[in-house]
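Student: Have a look at this prediction, sequence included:
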Amino acid sequence: MLDWIKIKSQYILPKHLISRLLGWAASKELGAVTQFFITTFIKAFDINMSEAHFEDPRAYKTFNEFFTRPLKEGIRPIKADDQQLCHPVDGSVSQFGDINGDSIFQAKGHDFSLTTLLGGKPELATPFKGGKFATIYLAPRDYHRIHMPIDGTLTDTLHVPGELFSVNPLTAQNVPGLFARNERVVALFDTPIGKVAMVLVGATVVASIETVWAGNITPPAGKYVQHWQHEGEQISLKKGDEMGRFKLGSTVVMCFEADKIDFEDMSPAMTTRLGEVMANIINSKA
């Protein structure tokens with residue numbers, strides 16, 4: 001009954017308003033109030049501050065500074081070699097596997113559309129049909145910067161407006177089309193294994209989604225898909241480089257072309273750590 005209430009309430013609550021108000025508060029220097037919320041959050045989610053570049057919570061002037069805190073240099077070494085992809089985030093595996101035509105598996109009884117996920121643009125979805133996907137959930141306690149799983153040159157960025165449902169496992173099991181329904185930022189890269197899509201999915205109380213090349217992409221959020229093409233800009237990132245961040249947590253969906261990778265010992269709900277091996281390359285252009 002409690003789970004039913006949690007799901008149904010998300011359809012009723014003004015999720016965008018709540019998220020924007022909390023995002024505004026999280027961006028402000030509120031002194032003792034900010035420190036109270038940071039220390040409470042650390043205790044509630046058992047956050048390991050010994051991994052943070054600044055271990056002392058008092059070093060963070062806003063909640064957003066704390067939430068997007070950098071890690072100590074070298075604490076997440078890139079263990080994947082030239083023939084492997086690395087995990088791009090600290091989190092846990094929601095699902096992974098084959099993209100069946102235009103369909104990506106979400107949870108038992110639920111799939112979502114690849115084309116819809118990528119902003120409703122069939123030409124962007126075509127390279128990934130028959131390929132692979134991996135969906136990784138970032139819990140509140142996790143490090144919330146997103147890194148590259150492989151070297152890549154940016155070709156396209158899209159902002160896709162949408163809902164702001166929670167993306168926790170309970171919601172993924174009960175809200176149809178969740179990841180293609182929520183607001184999201186799509187980044188497409190040319191890589192040694194062809195096209196790779198990195199989709200940063202928003203959620204309830206996600207104050208903003210940022211990329212390293214454009215800064216804050218949302219908010220503000222319009223009513224229509226925005227599409228930026230980066231031909232000639234030469235925005236290239238190496239495996240392990242930061243590519244974006246969430247201000248309050250969410251999910252990353254990755255899409256790969258067919259016959260390019262095999263996942264390395266992955267299973268639903270397994271913990272991921274930035275830099276560890278995610279997949280083996282079985283066919284590359286390099």
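Tutor: The structure has been received and is ready for your questions.

Student: Which residue lies closest in space to residue 196, excluding its sequence neighbours?
Tutor: Of all residues not flanking residue 196 in the chain, residue 189 sits nearest, at 4.9 Å (CB to CB, 6 or more residues apart in numbering). (C-beta placed from N, C-alpha, C; glycine too.)

Student: Beyond the helix or strand harbouring the one you found, next helix or strand please.
Tutor: Taking DSSP states H and E as the definition, one finds residue 189 inside strand 184-191. Where DSSP H and E defines the elements, the next helix or strand beyond strand 184-191 is strand 194-201.

Student: by contact count, what packs against that next one?
Tutor: Counting contacts by 3 or more CB pairs under 8 Å, 6 or more residues apart in numbering; DSSP states H and E, strand 194-201 packs against strand 184-191, strand 242-247, strand 251-256.

Student: re the thing from before, and the residue nearest to residue 196, what is it in contact with?
Tutor: Going by CB atoms under 8 Å, 6 or more residues apart in numbering, residue 189 touches 148, 152, 153, 154, 155, 195, 196, 197, 198, 237.

Student: what about 10 Å?
Tutor: When contacts are counted by CB atoms under 10 Å, 6 or more residues apart in numbering, residue 189 touches 148-156, 195-198, 230, 235-237, 243.

Student: Quick check: closest non-adjacent residue to the residue nearest the centre of the chain.
Tutor: For the chain, residue 252 is the residue whose C-alpha lies nearest the centre (CA atoms, centre = their mean; 2.8 Å). Distances taken as CB to CB, 6+ apart place residue 136 nearest to residue 252, at 5.1 Å, with adjacent residues excluded.

Student: wait, doesn't the one you found sit right on residue 172?
Tutor: No: counting by CB atoms under 10 Å, residue 136 stays clear of residue 172, with 11.9 Å between them.

Student: Quick check: phi and psi on the residue of the chain most remote from its centre?
Tutor: Distance from the C-alpha centroid of the chain peaks at residue 32, with 30.6 Å (CA atoms, centre = their mean). Per-residue torsions, residue 32: phi -60, psi -30 (degrees, to the nearest 10).

Student: on that earlier part again, would you mind listing which of the contacts of residue 189 are buried?
Tutor: Taking 16 or more other CB atoms under 10 Å as the criterion, what is buried in those is 148-152, 154-156, 195-198, 230, 235, 237, 243.

Student: Farthest pair within those residues?
Tutor: Maximum pairwise distance among those (CB to CB): 18.9 Å, between 149 and 230.

Student: Start and end of stretch 263-273, how far apart?
Tutor: Using CA to CA, to the nearest Å, the end-to-end distance of stretch 263-273 comes to 15 Å.

Student: Go through it and flag the buried ones.
Tutor: Buried, per 16+ other CB under 10 Å, within stretch 263-273: 263, 266, 272, 273.

Student: What sits closest to the first one if chain neighbours are left out?
Tutor: Read it as residue 263. Distance criterion CB to CB, 6+ apart; nearest residue to residue 263, sequence neighbours excluded, is residue 279 at 4.9 Å.

Student: Show me what the host helix or strand of that neighbour is packed up against.
Tutor: Following DSSP H and E, one finds residue 279 within strand 277-281. Strand 277-281 sits against strand 84-86, strand 91-98, strand 132-137, strand 251-256, strand 261-263, with contacts defined as 3 or more CB pairs under 10 Å, 6 or more residues apart in numbering; DSSP states H and E.
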